Structures are given as structure tokens and as C-alpha cells.
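>>> sequence and predicted model, in that order:
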Amino acid sequence: MQIVLVASLAHRISGVGFGVLTSNVSLPRDPPNNSFSTMLHISSLFLPTILLGVLAPPSVTPQGPLNEPPVVFQTYTANFTCQGAVTVIPLDGSSVYDPDGDPLTFQWTSGCPGQSIAESTSQSTTLSIDTSGSCTVDCSVRLRVSDGIHDTFARFFVHISGPMQAELDMHPGSCPNPVQIGGAGVVPAALVGTLGFDVGLVDRTTLRLARADGQGLPVAPVHFVISDVAVPFPDDGCNCHTLTQDGLPDLALKFNKQSLVTMLQLAQEADKSYLPVVLTGRLLTGEEFSAKDCIRVLK
């Protein structure tokens with residue numbers, strides 16, 4: 001009867017969140033005859049052990065929302081056309097954002113040859129690359145974005161190449177290619193069509209004729225027509241020929257002579273001197289091209 005009372009007491013106490021630690025307790029051989037007194041007597045023996053076994057509730061530290069790192073663009077390759085001695089390309093970080101709306105800082109770096117970044121800590125800026133030695137350049141650019149807690153890095157590759165090479169014939173059928181300074185009229189030319197260059201794909205609004213040395217200003221043609229008027233001549237110098245037909249369509253052009261003389265500053269050239277010129281443009285597919293020839297200035 002006494003043992004049952006002790007078990008009942010331990011069960012009832014532990015049922016409300018208490019734990020009972022094991023303890024070696026010797027009960028008296030002849031406890032009081034009164035059952036109530038017996039329970040009190042046994043409880044007084046186990047109570048210190050029971051109180052020592054009270055389990056403290058675990059501590060919980062409240063946590064706020066996690067801070068997420070900035071989101072940047074994926075790695076890609078950007079293709080650019082060589083612009084001469086220095087090629088300037090855009091660095092655009094406008095697509096970068098922070099999911100938490102935290103303010104961001106930016107740092108652009110590059111391993112491109114002779115590189116110069118206009119504003120390296122701006123979200124968007126420009127990168128100047130030295131292409132004086134070669135118009136073919138492959139390099140990379142890195143952007144570090146920080147929200148003050150996390151740093152995220154983005155990278156893209158730069159490929160620079162020269163424009164597609166086409167052929168230009170100034171004053172088709174004539175050799176040399178004369179341009180008389182005085183008087184009005186037009187100066188004929190032809191963007192020569194070949195098996196690898198379809199003049200029908202040329203975006204005519206992009207055509208410009210300029211001096212190869214960069215002086216003066218470019219001039220646009222005033223007339224276009226597709227016609228077989230020229231033959232390719234594989235020479236980068238000022239040599240020429242008088243052939244006019246090869247069975248392939250060409251893009252025949254005409255330039256206003258006075259605009260050509262003024263914009264290309266031909267009046268400052270010596271009489272009978274040769275001047276290299278370059279025709280640039282873009283295909284309807286987006287590819288850029290250039291073509292070279294010479295004119296002979298006559299006063």
C-alpha cells in the first residue's frame with residue numbers, strides 16, 4: 001500500500017512537467033499506521049529529489065528575416081567592332097538589384113589591354129580599350145556588387161574584331177579615280193558585290209564615306225542603285241583598274257561633289273595627290289563592314 005502511494009505521487013507530479021531523479025532512499029520498516037501520514041512521510045523523502053528534477057524550458061532567440069545577396073547578370077560574351085586606336089564599350093549594370101532593397105555599391109575592374117574605366121564605382125559607365133596594336137582583342141570585365149553584408153560578383157567576356165571587309169571602287173571604269181575640286185556635279189562610286197558579300201543586304205541609311213586618316217567629317221551618298229558597274233580589285237593601296245562588269249550586282253553610289261570636297265577637306269590636299277578613303281556601313285542583319293579605295297585630288 002505504501003509503494004503504490006509513492007508511485008502515484010511521482011506519476012502525478014511528473015505529469016505536469018516535472019522529472020523525478022533517481023535517488024536511493026531507505027524507507028522505515030515500521031511506518032505510521034495511518035495511510036495519510038504514510039503518504040506525507042514518503043513525500044517528505046522524495047520531495048527534494050523531485051524539485052531538483054524540474055526541467056527548465058529551452059531558451060528561444062527570436063530571429064528576423066534573412067538578408068539576401070544582390071542579384072547580378074549571368075556570364076556572357078559581348079561582341080564589339082574595333083573603332084580604331086581606342087575602342088570604347090559600355091559597362092551596363094542597370095539590371096543588378098537587391099531583393100531586400102538595400103543600397104548597393106559597385107566596383108568595375110578589367111584585364112583588357114590599356115584599359116581605362118571612366119567611373120569604376122558607377123552602376124553604368126564606359127571602358128576604353130587600346131586597339132592600336134590589333135583590332136582583335138579578347139579579355140574580360142568583372143563587377144563586384146555589395147549591399148554592405150554580401151558581395152556578389154558578375155563577369156562577362158569582351159570580343160573585339162575588325163569590321164567585315166568589303167570592296168570599294170571610287171569612280172568605276174576610271175584609273176586613277178579623279179575628283180576635281182572645282183565645279184558642281186556628283187562623284188560616282190560602287191560598293192562591289194561578290195559571292196561573299198550581297199549588296200542587297202546593305203542598310204543604305206548607314207553608308208558614310210570618310211578620310212582614312214580621320215580628318216574632316218564623313219559624307220553620305222545622295223543616290224543608290226543596284227547595278228553591275230564594278231569588278232573586285234584585290235589591292236589595299238591606291239592601284240586601280242578600268243574593268244566594270246563581272247556578272248554580279250554592285251551597289252552604285254553617287255556623292256554630291258561639293259559636299260565631298262568640303263567634308264573631306266580636299267582643298268587642303270596638294271594637286272594630283274592620292275588620298276585613301278573608307279566607306280563604312282552596316283548590313284540589315286546588324287553586321288558592320290568597311291571598304292577602302294583612293295581618290296586623286298585634282299585642282
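Okay, I see it. Numbers count the residues shown, from 1 in each chain.

>>> tell me the mean pLDDT over stretch 284-295?
Regarding stretch 284-295, the rounded mean pLDDT is 90.

>>> mind listing what's buried in that stretch?
For stretch 284-295, a neighbour-count test (16 or more other C-beta atoms under 10 Å) marks E288, F289, S290, A291, K292, D293, C294, I295 as buried. For every residue, glycine as well, the C-beta is placed using N, CA and C.

>>> who touches it?
The contact list for stretch 284-295, computed with C-beta atoms under 8 Å, 6 or more residues apart in numbering, reads 81, 162-171, 176-179, 187, 189, 191-192, 197, 201-203, 212, 236-238, 240, 274-283.

>>> which of those are buried?
So, by 16+ other C-beta under 10 Å, the buried ones in the contacts of stretch 284-295 are 81, 163-164, 166-171, 176-177, 179, 187, 189, 191-192, 197, 202, 240, 275, 277-283.

>>> out of those, which sit inside strands?
Among those, the members found in strands (DSSP state E) are 81, 164, 166-170, 179, 187, 189, 191-192, 202, 275, 277-283.

>>> can you mark which positions in stretch 140-148 are buried?
For stretch 140-148, a neighbour-count test (16+ other C-beta under 10 Å) marks V141, L143, V145, S146, D147 as buried.

>>> out of those, who's nearest P249?
V141 (41.7 Å; C-beta to C-beta).

>>> that closest one: helix or strand, and which one exactly?
Under the criterion of DSSP states H and E, V141 resides in strand 137-146.

>>> mind checking how far the most centrally placed residue in the chain is from N79?
The centroid of the chain falls nearest to F156 when counting by C-alpha atoms, centre = their mean (5.5 Å). As judged by C-beta to C-beta, to the nearest Å, F156 and N79 stand 11 Å apart.

>>> show me where this protein dips below the pLDDT cut-off.
Low-confidence regions of the chain, defined by pLDDT under 70, span residues 1-64, 236.

>>> would you mark the buried spots in stretch 220-235?
Neighbour-count burial for stretch 220-235 [16+ other C-beta under 10 Å]: A220, P221, F224, D228, V229, A230, V231, P232.

>>> residues touching the second one, list them.
Applying C-beta under 8 Å, 6+ apart, one finds that P221 lies in contact with A189, R204, L207, L209, L253, K254, F255.

>>> is it possible to mark the buried ones in those residues?
A189, L207, L209, L253, F255.

>>> please name the nearest non-neighbouring residue to the last one.
With C-beta to C-beta, 6 or more residues apart in numbering as the measure, V187 is the residue that lies nearest to F255, at 4.6 Å, once sequence neighbours are left out.

>>> which stretches in the stretch 1-150 of the chain count as strands?
Listed from the start of the chain, the stretch 1-150 of the chain has strands (DSSP state E, counting those that start in this stretch) covering 77-81, 86-92, 105-110, 116-117, 124-130, 137-146.

>>> give me the neighbour count for D246.
Residues lying near D246 (other C-beta atoms under 10 Å) number 15.

>>> what of the one 4 residues further on?
A total of 27 residues lie near D250 under the criterion other C-beta under 10 Å.
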